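Trainee: The sequence isn't on hand, but the structure is:
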C-alpha cells in the first residue's frame, strides 16, 4: 500500500508572508516497526517556504521514508519564522535556566510543533477510521452544519483525514451521537478532532530497494 497526498494538498497550501512555512517531518513509528523503542522518532524535519521547495525536496523525503520504513507528515497550520524566533528565545532561555542543556538542540522543532501562525482560522483534522463513502458524506455534512468548512480529504492508512476550519465541537458531538442510531453508523467510532496535529503526506509499506 502506498499513500501519496502531495497532489491533494497543493490546492490547500498557501504562503501569504515571506516568513510563512509549513512544518514537515519524517517520523519512524513503532506501529510500523514493532522492534522500535518508543512510540516514534524524528528522521528529519523540513521547513517548507514554497511549493517549489516542497516539490524539489519531496523525492528526498520519499527516499528517506522508504529507507527507514517511516511516514511523512505535514501540519496544515502554517508557521512563521519571525513569530517562532521570539518563542524560540523564550524556550531556549527556559532550558538554560533549568540546566536542561540537552534539549536546547531540540527546541526549534518543539516550538515548530507547538505554535502555529494562522491569521484567519486555525485548521483542524477530523480523523476517521474505517469509513465508507456514505459515512464520509454524512460526517462531512455534520461538520458543515456545525459551522465548519472542509478544505480537503486526505487518505490515511486506516481511513481519512478531513482538513477543516474550526467549528462547534459540542454541536458536532451531539449530531454524531444522534447518527450512532443510524444503521450506517452501527459500528463506527466517533471521529477524533485534532486541533494542532500533523496529517499524513506519504507512506508506503513496499520494501526499500
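Mentor: Yep, it's here. This structure is a prediction, so every number in the text was calculated from the model and none was measured.

Trainee: Quickly list the domain ranges of this structure.
Mentor: Split into domains by automatic domain parsing, the chain comes to 2-119, 124-199.

Trainee: So the closest residue to residue 104 other than its chain neighbours: helix, strand or coil?
Mentor: Spatial nearest neighbour of residue 104, chain neighbours left out: residue 95 (5.0 Å); criterion: C-beta to C-beta, 6 or more residues apart in numbering. (Glycine included, C-beta is placed from N, CA and C.) Secondary structure, DSSP: H, G, I helix; E, B strand; the rest coil: residue 95 is helix.

Trainee: mind checking how far residue 95 is from residue 108?
Mentor: To residue 108, residue 95 is 12 Å away according to C-beta to C-beta, to the nearest Å.

Trainee: shared neighbours, those two?
Mentor: When C-beta atoms under 8 Å, 6 or more residues apart in numbering defines a contact, no residue borders residue 95 and residue 108 alike.

Trainee: okay, the residue nearest to residue 104: pLDDT?
Mentor: Residue 95 carries a pLDDT value of 86.

Trainee: Name all residues that make contact with it.
Mentor: So residue 95 contacts 101, 103, 104, 107 (C-beta under 8 Å, 6+ apart).

Trainee: and the second one, how many neighbours does it have?
Mentor: Close neighbours of residue 103, defined as other C-beta atoms under 10 Å, add up to 13.

Trainee: Assign it to helix, strand or coil.
Mentor: helix.

Trainee: The residue nearest to it when sequence neighbours are not counted and residue 116: what is the separation?
Mentor: Residue nearest to residue 103 in three dimensions, not counting chain neighbours: residue 95, with 5.2 Å by C-beta to C-beta, 6+ apart. Distance, residue 95 to residue 116, using C-beta to C-beta: 22 Å.

Trainee: go on, residue 87?
Mentor: Residue 87 sits at a distance of 11 Å from residue 116 (criterion: C-beta to C-beta).

Trainee: re earlier: export the domains of the chain as TSV, with columns for distance to residue 206.
Mentor: TSV is the format used below for the domains of the chain (distance: least, C-beta to C-beta, whole Å):
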stretch	distance to residue 206
domain 2-119	6
domain 124-199	13
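
Trainee: Compare the mean pLDDT across these and name the weakest.
Mentor: domain 124-199 (a mean of 86).

Trainee: Could you work out the end-to-end span of that one for me?
Mentor: One end of domain 124-199 to the other measures 10 Å (C-alpha to C-alpha, to the nearest Å).

Trainee: I'm done for today, thanks for sticking with me.
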